[in-house]
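In: Sharing a sequence plus its predicted fold:
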Amino acid sequence: MLRPQISLNRRAYPGEADCGDQLDWWQDGKRLCCCVVDGLGHGPLAKVAGCEILQFVGRQRAVSPESLFTTCDKAMNKERGGVMAVAWIEGDQLTYASVGNIAGYLVHVDVEQETHRLEQLNMDRGMIGGGFKRLTVQKLTLTAGDLLIMHSDGVNPLYNLEPWQPVIDNCEMLGRVILEDQAKQTDDACVLVYHHQRVKP
């Protein structure tokens, strides 16, 4: 089995040692789970909150999205809390959900034509540990070469990837340069990039 092509990039609030933005991925057989979390605020307490939410997801990632978000919210209701987005990828199927202001994009890339189409994914209002009214679970189909990009609100929104077209097929470099170019100076920041490969039967 090929190792997934995933780039994880994180940077603390300028001048801080601790980062409240946390991100990771796990693989269970043919199923991949990616998660981005932003602990409330920044600094040591935000890092603790972000790590607690991420660890919860890591333990419970096999349950349904609805169950994962609901139980995580309840588990964190006496803690500092934060926001999170989770993506599950199995075969060519992407399942995605987000509570709070973690941004997600599905990017359909045509490397030969040097073109791409950026589709913004849903984010529902609320906070993990503070409650949310609804959870929209999106199911989308991936094709070879597509990108999934997820980032915290410490990164300015992406409207197109034209500035990074030369590295669009290199997720390690793409994630790094997006963080370098788009990170705000007023918050923690993180970017996850997943490059979808062709799935063999």
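Out: Everything's here; your move. Numbering: from 1, shown residues only.
In: Do a quick rundown of the strands in the protein.
Out: Remark: strands assigned in the chain by DSSP state E are 5-11, 21-28, 31-39, 82-90, 93-99, 103-110, 115-120, 138-141, 147-151, 189-195.
In: Of the ones you listed, which is nearest residue 174?
Out: strand 189-195 (5.4 Å; Cβ to Cβ). Glycine gets a C-beta too; all of them are placed from N, C-alpha and C.
In: so what strands line up beside that closest one?
Out: Strand 189-195 has the following sheet partners, assigned by DSSP bridges: strand 5-11 (antiparallel), strand 147-151 (antiparallel).
In: Dump the strands of the chain into TSV; add distance to residue 58 as well.
Out: Output for those, formatted as TSV (distance: least, Cβ to Cβ, whole Å):
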stretch	distance to residue 58
strand 5-11	14
strand 21-28	6
strand 31-39	8
strand 82-90	11
strand 93-99	16
strand 103-110	19
strand 115-120	26
strand 138-141	22
strand 147-151	16
strand 189-195	15
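In: Can you lay out those as JSON lines showing mean pLDDT and mean neighbour count?
Out: What follows is these, written out as JSON lines (pLDDT from 0 to 100; neighbours: other Cβ atoms under 10 Å):
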{"stretch": "strand 5-11", "mean pLDDT": "96", "mean neighbour count": "19"}
{"stretch": "strand 21-28", "mean pLDDT": "96", "mean neighbour count": "20"}
{"stretch": "strand 31-39", "mean pLDDT": "97", "mean neighbour count": "25"}
{"stretch": "strand 82-90", "mean pLDDT": "97", "mean neighbour count": "25"}
{"stretch": "strand 93-99", "mean pLDDT": "97", "mean neighbour count": "21"}
{"stretch": "strand 103-110", "mean pLDDT": "91", "mean neighbour count": "19"}
{"stretch": "strand 115-120", "mean pLDDT": "87", "mean neighbour count": "13"}
{"stretch": "strand 138-141", "mean pLDDT": "96", "mean neighbour count": "12"}
{"stretch": "strand 147-151", "mean pLDDT": "97", "mean neighbour count": "25"}
{"stretch": "strand 189-195", "mean pLDDT": "97", "mean neighbour count": "26"}
